[in-house]
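1. Provided below for reference: sequence and predicted model.
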Amino acid sequence: MSFFTSVKQAEPEDTQAIMRLLVNTAEWLLSKGSSQWNALLRGEDSHNTPEAIEQGEVFIFKQDTQLVGMFMLQKEQSKWDRELWGEETDKSSVYLHRLAINRKFAGKGIGKQMMLWVNSGIPYPGKNTIKLDCASNNTILNAFYRELGYDFKGLAVNEYGEFSKFEKKI
């Protein structure tokens, strides 16, 4: 059973709701003892979400008018991605970031449904690989990506910690 009734590329008028969802997610993570996404609580957005919305790289999942979840699918490597993955030369990858679920809908398998949606086909011509990273010490999230068929591609370290890298050919 799907808990969202629509999927669309976010538009500028969605920016406020998306940023609120991201900050709420960062607050929830902090309440669970995780410093992941902490920068959002200080007003810092390493993935420049408003610009990604303008570029059509943010996808939102709604149940009627309620925002259920979102993620970012970047067509080009960000500074963050280059730090973790190195410089991409074949340009066939997209980089998934900021998978966030509205806590009102948590525990219903929505994250899996969202990932199955993107696994069914990348919406950008010439792109056939999804790359993503997550905190290496988040065992639940690491297991989640493995269960969805993502291949573990090693660990990377930057100033924010150690991250597991995953990829999947679509």
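-> Yep, that arrived.
2. burial measure for residue 12, as a count.
-> For residue 12, the count of nearby residues is 9 (other Cβ atoms under 10 Å). No exception for glycine: its C-beta is placed from N, CA and C like everyone else's.
3. which residues sit against the helix or strand harbouring residue 145?
-> Assessed by DSSP states H and E, residue 145 sits inside helix 139-147. Helix 139-147 is contacted by residues 111-112, 132, 134-136, 152, 164, 166 when judged by Cβ atoms under 8 Å, 6 or more residues apart in numbering.
4. shaky segments in the chain?
-> Under the criterion pLDDT under 70, the flagged ranges of the chain are 1-2.
5. what ranges does it have for its strands?
-> 6-9, 58-63, 66-74, 93-101, 129-135, 151-158, 161-169 (DSSP state E).
6. now the first one: buried residues?
-> Spelled out, that is strand 6-9. Neighbour counts over strand 6-9 (16 or more other Cβ atoms under 10 Å) mark residue 7 as buried.
7. can you spell out which helices and strands pack onto that strand?
-> With contacts taken as 3 or more Cβ pairs under 8 Å, 6 or more residues apart in numbering; DSSP states H and E, strand 6-9 sits against strand 58-63.
8. again, only this time at 10 Å
-> Applying 3 or more Cβ pairs under 10 Å, 6 or more residues apart in numbering; DSSP states H and E, one finds that strand 6-9 makes contact with strand 58-63, strand 66-74, helix 110-119.
9. partner strands of that strand, with direction?
-> Here strand 6-9 has these sheet partners by DSSP bridges: strand 58-63 (antiparallel).
10. no further queries at this time; thank you.
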